[in-house]
Structure formats: C-alpha cells, structure tokens
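>>> Turn this into a structure:
(one chain, ligands or ions: 1)
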Amino acid sequence: MKIVRAKDYDDMSRKAADIISAQVMLKENSVLGLATGSSPIGAYQQLIKRCEAGDLDFSQVTTVNLDEYCGLDPSNDQSYRYFMNVNLFNHINIDPANTNVPNGICQDTESECARYENLIQKLGGIDLQLLGFGHNGHIGFNEPGSAFVAETHRVDLTESTIQANMRNFNSKDEVPRQALTMGIRAIMQARRIVVVVSGEGKARAVRDSVRGPITPQVPASILQLHRNVTLVCDEPALSLL
Ligand code: GLP
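Prediction:
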C-alpha cells in the first residue's frame, strides 16, 4: 500500500485529483468508481477546475458510485445521487447517461443489486476506485461485521455511521437506517484504488486498516491484499501510524 503524505485537506485533494486526472488522460474511456462524503469534495472541485480549464475531458468517462441510501429519491438533497450531481456531474462534460448510482428507491432490492453488479461487470470492472474511510473503517457502506460481503447488497447501517452521517441531516430520525452498497469484490477488482482520508478522527481507521489484522471487523483492512492502493492522507489522519 502506498501512502502519500499531504499537508492538509487541500493538499490531499490536489494530490488525489492529480492521480484521477492522470487516469482519465491515459485512458479517455475510464470507468471511475466514485465516493461521496466530505473527504472527496475537494478532489471533485479540483477536477471541475481542470475540466473548466479544458485540461480534462470526461466526455467518454463512465462512473459507478459506491452506494446510496435506501428510501431517498434523486431529488432528495441528502441522496448520494443528488450529492454527485451537485458536487461533480453538473459541472463537468460527462454524459449523465454514463453516471451510475444504485437506485435507493427501487421496488425490488435484490434485482437492483443484481442489476448494479452486472452493470459493473459489463463495463469491464473499475479502472480507478476512489474511496473514503468511515470512522469505523467502513468502505462504501460495507460496515464492520462477521464476514466480507462480495456482491452489491443492502446493509443495515451501524449506530456509529448513523451518528457520523447525522451532521448532514436535520435530525437523527431522518438518517436512513439502510443503504445499498457495492460489495468488496467489485472494489477489490478495481485496477487501481485511491483513498482520501483527512482529520484526526480518521487516524484510528487508518492505523487499523494499514497495520491491523485483515478482518471484516475493519472492512478497509482488506485493501492490504490489493496490489495498487494509494492512500492520500493529511498529517492528522496519519498521526497514529
Ligand atoms: C459514508 C459513505 C462512505 C464515506 C464515509 C465517510 O458513510 N458511504 O463512502 O467514505 O461516509 O464520509 P466522510 O468523508 O464525510 O467522512
């Protein structure tokens, strides 16, 4: 696992955007696996600037997002589809038809998960997967548990994730209790993985993922088995390493 040390959040965002930009320049029709949360927003802003400056072209890029809350439709400003539109897709020259997020308001969860899984396979897998870490070491919404789940699936969010994500909602009651998430297989089959981690609150997740045992109790620890992972962390996130 390669660890890139960044001074602060902005530096981390620029460095992550450099890697994503290089991916898109070297392969115009890249499949990018994308993440939500506060960690990647700065990198998305960098990508927008570079696209606006004419230095980056997303016209042939396809994206697959990691996850979506159950029960939130795309017009809900807390849905991950809304987040992606507002923080990236609306500002770059990507074809909206080539942007994919699990459907959180599907009638049939099982067939939606199967559809998403097939879609990723049909695209030929993911060229570059961008990840953030949850405080408990979750990736996407693969929460700590007794086993790694391979496929796209529905999860019950843990109390700590509900607490952490509450900051974006008006009250805890509004935070969905379930989500659809890409499983560990599609993430681990990505040809390159870039993780952005910022802040002291994530230091334990970084330490446990990088140095701890590989265990479903810390889902991100599975990344130790991947050949091409780059962790871009600011100083506080690295403070326990
Ligand atoms: C959510 C997302 C994760 C993300 C995590 C951390 O749980 N499902 O993909 O990595 O939040 O978010 P943040 O970057 O805001 O700390």
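>>> do you know how far the residue sitting nearest the centre point of the chain is from the ligand?
Residue closest to the mean C-alpha point of the chain, counted by C-alpha atoms, centre = their mean, is A35 at 2.4 Å. For A35, the distance to the ligand (C-beta to the nearest ligand atom, to the nearest Å) stands at 5 Å. To be clear about C-beta, it is placed using only N, CA and C from the backbone, and glycine gets the same treatment.
>>> My guess is that residue contacts G134. True?
No. Here A35 does not reach G134: they are 10.7 Å apart, not a contact under C-beta atoms under 8 Å.
>>> Please identify the residues of this protein in proximity to the ligand?
By C-beta under 6 Å from any ligand atom, the residues of the chain that approach the ligand are 35-39, 66-67, 132-134, 140-141, 161, 165.
>>> As a markdown table, these with secondary structure would be great.
Shown next, in a markdown table, are these (DSSP: H, G, I helix; E, B strand; the rest coil):
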| residue | secondary structure |
| --- | --- |
| A35 | coil |
| T36 | coil |
| G37 | coil |
| S38 | coil |
| S39 | coil |
| L66 | coil |
| D67 | strand |
| G132 | strand |
| F133 | coil |
| G134 | coil |
| G140 | coil |
| F141 | coil |
| T161 | helix |
| N165 | helix |
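>>> Can you tell me which of those is closest to K172?
Of all the residues of the chain next to the ligand, the one with the least separation from K172 (C-beta to C-beta) is N165, at 9.6 Å.
>>> which residues touch the residue nearest to the closest one when sequence neighbours are not counted?
Closest residue in space to N165, ignoring its immediate chain neighbours: V175 at 5.7 Å, by C-beta to C-beta, 6 or more residues apart in numbering. Listed by C-beta atoms under 8 Å, 6 or more residues apart in numbering, the contact set of V175 reads 157, 162, 165-166, 169.
>>> Select from those the one having the most neighbours.
With neighbours defined as other C-beta atoms under 10 Å, the most crowded of these is L157; it has 22 neighbours.
>>> For it, give me the pLDDT.
Listed pLDDT for L157 reads 95.
>>> mind checking how far it is from R177?
6 Å (C-beta to C-beta, to the nearest Å).
>>> for Q78, same thing?
Distance from Q78 to R177, by C-beta to C-beta: 13 Å.
>>> and Q189, how many neighbours?
13.
>>> List the single closest residue to it in space, sequence neighbours excluded.
G125 (5.2 Å).
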